[in-house]
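Asks: I would like the atomic coordinates for the input below:
(2 chains)
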Number of protein chains: 2
Amino acid sequence: MSFKLTILGTSSALPTSDRYPSAHVLNVHERLFLIDCGEGTQMQMRRFRLRFAKINHIFISHLHGDHIFGLYPLLSSLNLMGRREKLNIYAPEPFEELITRHLADFDINLGYELLIHPLKGSTPRLILSDRRVEVTSFPLRHRVTAYGFIFREKPGENKIKKDKISEFHFTVAEMVKLKKGEDIVRDDGSVISVEAVTVPPPSPRSYAYCSDTGYFKKLSTYVGGVDLLYHEATFGSEHAALALQTGHSTASQAAKVARDANVRKLIIGHFSARYRSPDQLEEEARVIFPATEAAREGQCYEILPGGGFKE
Amino acid sequence: MSFKLTILGTSSALPTSDRYPSAHVLNVHERLFLIDCGEGTQMQMRRFRLRFAKINHIFISHLHGDHIFGLYPLLSSLNLMGRREKLNIYAPEPFEELITRHLADFDINLGYELLIHPLKGSTPRLILSDRRVEVTSFPLRHRVTAYGFIFREKPGENKIKKDKISEFHFTVAEMVKLKKGEDIVRDDGSVISVEAVTVPPPSPRSYAYCSDTGYFKKLSTYVGGVDLLYHEATFGSEHAALALQTGHSTASQAAKVARDANVRKLIIGHFSARYRSPDQLEEEARVIFPATEAAREGQCYEILPGGGFKE
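Replies: The predicted model follows:
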């Protein structure tokens, strides 16, 4: 039951010789969620052996090129690979208008259906919910309309202890109740406490993605308590004014959000090309939030079912 | 005085783990001409250390994604790198309409001017001519309007032999004539033959680019006699019907064009993802035209001033 993030790109708008523009892939129970899709995303997916067919949902934070230039070629490649399954894309408006025109302009006839879900609103919104996962969007503060995303695993079921099954001879209906976490009250009035006969499921794992955004206090409430937080850190504090002007964050500001949100681990990325290495930004963030890591292309962050990190 | 081609991508529409979509860079006397611009072109340019600032002319053969998806991000990067010089783009219509809308849609304000030159016509047309080079477009046969390009070095000047300068005491006007290749007739009626006192310049070097195109007989007249010919070879002959249907060529057809055009060397590319290695296509072409090479990412083909190839 995997919950694993792979970083495909860590550059901001101007890529460098070893940094690609923004794209993350979250593997939740072997389903891949693609988050942003900068130029070269499909090359990076091949490089890190992420299977195209496992993607059914793509999330675009905002309509700036370094977060979307890889999407059109990816859609085209999926088409050439014979995809027939519907593909969901979550993006701010007017994405649907853009993609429709683009497909016409470039003579692309997709053999699969695109389901476009416009991102909207100035408060968090549930945008996807199925048996395994739920995804919420929340507003960021950038030069154009931008959204972050939280991916939360759905809680699993309680596991009934084997020896208790033979002891209590549960009916099917009772087992369903116990798995859901409910106590059993039998006809004779006796109560079987769920705690006594089951093992609770591991706590659901969560990941939040915040790019691109200037610092604002409320952001930490949106991502409060997630296990793993990705937050852009385009600049160091020496460029705080530039960060403010361009709608981006400094490493310190990213760390502040992580600290105030009480997350377990912070990953920073979206580094300006002026930083040859992200070490300086990592150091700056760690002063405020020690559990910070600078993202690198191909780096994986896996949250184990018990809650530990495997890197 | 370089004349050197670097291959950035050899895949057809679907890239593979080691093949990028179409893009070539021709270095003529340290000016770079970018020909097609598939996804990842800017990454490949960085990888092969080709300087962005040396590009002033970009040639787009046709408006299919695998030949243009890298252009928008490249224009954006040039902007972020502070470019101020005008940039010429040669592309079929309605490219100007597309790029204008794109820049508006994606919130990009270029700090430099784009000079768009629409490719037109059903016969070869001179589209660029300056002191060093001339570029001609010619029509290809594809599913959408598509053009190939020939890059020809302008002839150099004759070089006056040093010992002849002291022997004949040429005037400035005489030297100008000799450099242009003209004989001198002096006032006393004596004739100084240009052949006797000068060394002729090396013959001008030439490169032709043909992608994407189905086979047609006239193509070999368009590219007749060039030194280096790039011709797409998406398929092997076993897929001749598919080639015909999709407006592409087989390796044999590419070789036929090279043979009939009497070129010196043929490079094939734009390989379908179904071929893990292009070896089979290279072998097929060599049966008809032995001086064939399958292109590979990063491969350079340099034509020396004397006319020899340096690889």
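
Asks: so what's residue A:69 closest to, chain neighbours aside?
Replies: Leaving aside its sequence neighbours, residue A:69 sits nearest to residue A:39 (C-beta to C-beta, 6 or more residues apart in numbering or on different chains; 4.1 Å). Just so you know, the C-beta spots here come from the backbone N, C-alpha and C atoms, and that holds for glycine as well.

Asks: ditto for residue A:2
Replies: residue A:27 (5.1 Å).

Asks: after the strand or helix carrying the one you found, which helix or strand is next? Please name it.
Replies: Following DSSP states H and E, the helix or strand that holds residue A:27 is strand A:23-28. Using DSSP H and E, the helix or strand that directly follows strand A:23-28 along the chain is strand A:31-35.

Asks: name the residues of that following strand that are buried.
Replies: For strand A:31-35, a neighbour-count test (16 or more other C-beta atoms under 10 Å in any protein chain shown) marks A:32-35 as buried.

Asks: contacts for it next, please.
Replies: For strand A:31-35, contacts defined as C-beta atoms under 8 Å, 6 or more residues apart in numbering or on different chains pick out A:23-27, A:41, A:50-51, A:54-59, A:61, A:132-133, A:135, A:149, A:151, A:209.

Asks: mean confidence score for it?
Replies: Strand A:31-35 shows a mean pLDDT of 97.

Asks: got the angle between that strand and strand A:23-28?
Replies: 150 degrees (axes from the mean of the first three to the mean of the last three C-alpha atoms, to 10 degrees).

Asks: the helix or strand residue A:58 falls within: how far from the chain's middle?
Replies: In this assignment (DSSP H and E), residue A:58 forms part of strand A:55-59. Mean C-alpha position of strand A:55-59 versus that of the full chain (C-alpha atoms, centre = their mean, to the nearest Å) differs by 11 Å.

Asks: and the helix or strand following it with helix B:71-80, angle?
Replies: Scanning forward in sequence from strand A:55-59 by DSSP H and E, the next helix or strand is helix A:71-80. Following the same axes, to 10 degrees, one obtains 160 degrees for the angle between helix A:71-80 and helix B:71-80.

Asks: list the contacts for residue A:237?
Replies: A:250-252, A:284.

Asks: by neighbours, which of the residues you listed wins?
Replies: Within those, most neighbours by other C-beta atoms under 10 Å in any protein chain shown means residue A:251, with 32 neighbours.

Asks: surely it touches residue A:236?
Replies: Yes: contact status for residue A:251 versus residue A:236: in contact at 5.8 Å, counting by C-beta atoms under 8 Å.

Asks: common neighbours of the two, please.
Replies: Residues touching both residue A:251 and residue A:236 by C-beta under 8 Å, 6+ apart: A:281, A:284.

Asks: in its sheet, what does the host helix or strand of residue A:150 sit against?
Replies: Here residue A:150 sits within strand A:147-153, counting by DSSP H and E. The pairing partners recorded for strand A:147-153 under DSSP bridges are strand A:133-139 (antiparallel), strand A:206-210 (antiparallel).

Asks: for the nearest residue in space to residue A:213 that is not next to it in sequence, grab phi and psi.
Replies: Nearest-residue entry for residue A:213: residue A:140, 3.7 Å, with adjacent residues in sequence omitted and distances by C-beta to C-beta, 6+ apart. When read as degrees, to the nearest 10, the backbone of residue A:140 gives phi -110, psi 180.

Asks: ok, residue A:140 - contacts?
Replies: With C-beta under 8 Å, 6+ apart, residue A:140 has these contacts: A:61-62, A:146-148, A:210-213, A:219.

Asks: count the neighbours of the one residue in the stretch 201-311 of chain A that gets nearest to chain B for me.
Replies: Chain B sits closest to residue A:273 of the stretch 201-311 of chain A, with a gap of 7.8 Å, by C-beta to the nearest C-beta. Using other C-beta under 10 Å, residue A:273 has 16 other residues around it.

Asks: contacts only, for it.
Replies: The contact partners of residue A:273, taken as C-beta under 8 Å, 6+ apart, are A:11-12, A:14-16, A:19, B:80.

Asks: how does it look with 7 Å?
Replies: Counting by C-beta atoms under 7 Å, 6 or more residues apart in numbering or on different chains, residue A:273 makes contact with A:11, A:14, A:16.

Asks: isn't residue A:63 up against residue A:92?
Replies: Yes: between residue A:63 and residue A:92 there is a contact at 6.1 Å, judged by C-beta atoms under 7 Å.

Asks: pLDDT wise, what is residue A:311 at?
Replies: At residue A:311, the model reports a pLDDT of 65.

Asks: so, low pLDDT: which residues of the stretch 101-250 of chain A?
Replies: Within the stretch 101-250 of chain A, not a single segment meets pLDDT under 70.

Asks: one more pass at 80, please.
Replies: Counting by pLDDT under 80, the stretch 101-250 of chain A shows low-confidence ranges at A:107.

Asks: give me the residue from it nearest chain B.
Replies: For the stretch 101-250 of chain A, C-beta to the nearest C-beta, closest residue to chain B: residue A:106, 5.2 Å.

Asks: coming back round to it: quick check: PyMOL command selecting the buried ones in the contacts of residue A:140.
Replies: Only the buried entries of the contacts of residue A:140 go into this PyMOL selection, using 16+ other C-beta under 10 Å:
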select buried, chain A and resi 61+62+146+147+148+210+211+212+213+219
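
Asks: show me which pair in the contacts of residue A:140 is furthest apart.
Replies: A:62 and A:219 (15.0 Å; C-beta to C-beta).
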